[in-house]
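Visitor: Next one to model:
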Amino acid sequence: MNTKEKIIATSLALFNEQGIDSITIRHIAKEMGISHGNIQYYYKNNNEIILALYQQLAAQFSAMINTMEPGSQMELATFRASVKYSFQLMYEYRFLLLHFVEVVRRVPEVRESYRELSRQREIQFQLIFKQFVEQKVFRADIPDEIWSSLSKQLFIMADGWLSTNAITGNLKGEEAIALYERVFWHQFFPLLTTKGIRQYQACS
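Guide: Numbers count the residues shown, from 1 in each chain. This next block holds a predicted model:
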């Protein structure tokens, strides 16, 4: 791991533990045992580090989504695996979601990127849902408006589950991931056909 990678890894750990308001470049430097000037050679301030971490998370999500491109005859088990992986990623970068309003205020590039990625993801989800309908895994009698709302609902829950956990349960690690991933997954049950229910039960 080179110095730049160590800065990112150390920053992620500190932001997750203490939030973005109480951690400065000097804190990161002290944790690493280097001067803050060494960090500023790569990142001038915290906001640049936050942007780099956001971009790292976005890239990992994009890589995952690209494996689910329509036309690959994806099965429900593959979709479930992607949901589990998504929750693991969100927990790994949890400070971003826990402080997202402040993050987009401080780092406008994140706001613009998030808006565009959200638009792209909604389109991709619609295509995936359509594929499951064609495979007779999802019901064919669901109005288009419901599918569109579901896409938005998924984002709302994905963006908010860590805050809900921090306020109501404060579960840690795998325990938190398992609970909220399962709640998220249950949203799809009313949309399933008989065939879909069999696949759902096989991967639940």
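
Visitor: what number of residues lie near Lys172?
Guide: 10 (other CB atoms under 10 Å). Just so you know, the C-beta spots here come from the backbone N, C-alpha and C atoms, and that holds for glycine as well.

Visitor: how much space between it and Ala166?
Guide: Separation of Lys172 from Ala166 (CB to CB, to the nearest Å) stands at 11 Å.

Visitor: need the contact list for the closest residue to Thr67 other than its chain neighbours.
Guide: Excluding its sequence neighbours, the residue lying closest to Thr67 (CB to CB, 6 or more residues apart in numbering) is Ser82, at 7.6 Å. By CB atoms under 8 Å, 6 or more residues apart in numbering, Ser82 lies in contact with Met64, Ile65, Thr67, Met68.

Visitor: Put the buried members of the residues you listed into a ChimeraX selection.
Guide: Applying 16 or more other CB atoms under 10 Å to the contacts of Ser82 leaves a buried subset, and the ChimeraX line that selects it is:
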select :65,68
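
Visitor: Tell me which helix or strand the residue nearest in space to the middle of the chain sits in.
Guide: For the chain, Met90 is the residue whose C-alpha lies nearest the centre (CA atoms, centre = their mean; 4.2 Å). Per DSSP states H and E, Met90 falls inside helix 76-92.

Visitor: Can you show me the helices along the protein?
Guide: Per DSSP state H, the chain carries helices over the ranges 3-18, 25-32, 36-40, 46-66, 76-92, 94-98, 100-106, 108-134, 144-164, 173-186, 194-202.

Visitor: Would you point to the one among the ones you listed that's packed deepest?
Guide: helix 94-98 (a mean of 20; mean count of other CB atoms under 10 Å).

Visitor: roughly how far is that helix from the heart of the chain?
Guide: Relative to its chain's centre, helix 94-98 lies at 10 Å (CA atoms, centre = their mean, to the nearest Å).

Visitor: Over to stretch 10-30?
Guide: On CA atoms, centre = their mean, the centre of stretch 10-30 falls 21 Å from the chain's centre.

Visitor: start to end distance for it?
Guide: Distance between the two ends of stretch 10-30: 10 Å, counting by CA to CA, to the nearest Å.

Visitor: Averaged pLDDT, it. What do you get?
Guide: Averaging pLDDT along stretch 10-30 gives 95.

Visitor: what's that stretch in contact with?
Guide: With CB under 8 Å, 6+ apart, stretch 10-30 has contacts from 7, 31-32, 35-36, 38-40, 43, 45-46, 49-50, 53, 92-95, 98-99, 102-103, 106.

Visitor: The same query, at a cut-off of 10 Å, please.
Guide: 6-8, 31-40, 43-50, 52-53, 56-57, 91-96, 98-99, 102-103, 106-107 (CB atoms under 10 Å, 6 or more residues apart in numbering).

Visitor: ok so, going back, alpha carbons of the helix holding Met90, in CSV - could you do that?
Guide: C-alpha atoms of helix 76-92 as CSV (Å, rounded to 0.1, in the frame of the first residue of the first chain):
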residue,chain,number,x,y,z
LEU,A,76,-32.9,-13.5,-8.5
ALA,A,77,-30.1,-15.1,-6.5
THR,A,78,-27.6,-12.9,-8.4
PHE,A,79,-29.7,-9.8,-7.6
ARG,A,80,-29.8,-10.9,-3.9
ALA,A,81,-26.1,-11.2,-3.9
SER,A,82,-25.7,-7.7,-5.3
VAL,A,83,-28.0,-6.4,-2.6
LYS,A,84,-25.9,-8.0,0.1
TYR,A,85,-22.7,-6.6,-1.4
SER,A,86,-24.3,-3.2,-1.6
PHE,A,87,-25.0,-3.1,2.1
GLN,A,88,-21.5,-4.2,2.9
LEU,A,89,-20.1,-1.4,0.8
MET,A,90,-22.4,1.2,2.4
TYR,A,91,-21.4,0.1,5.9
GLU,A,92,-17.7,0.2,4.9
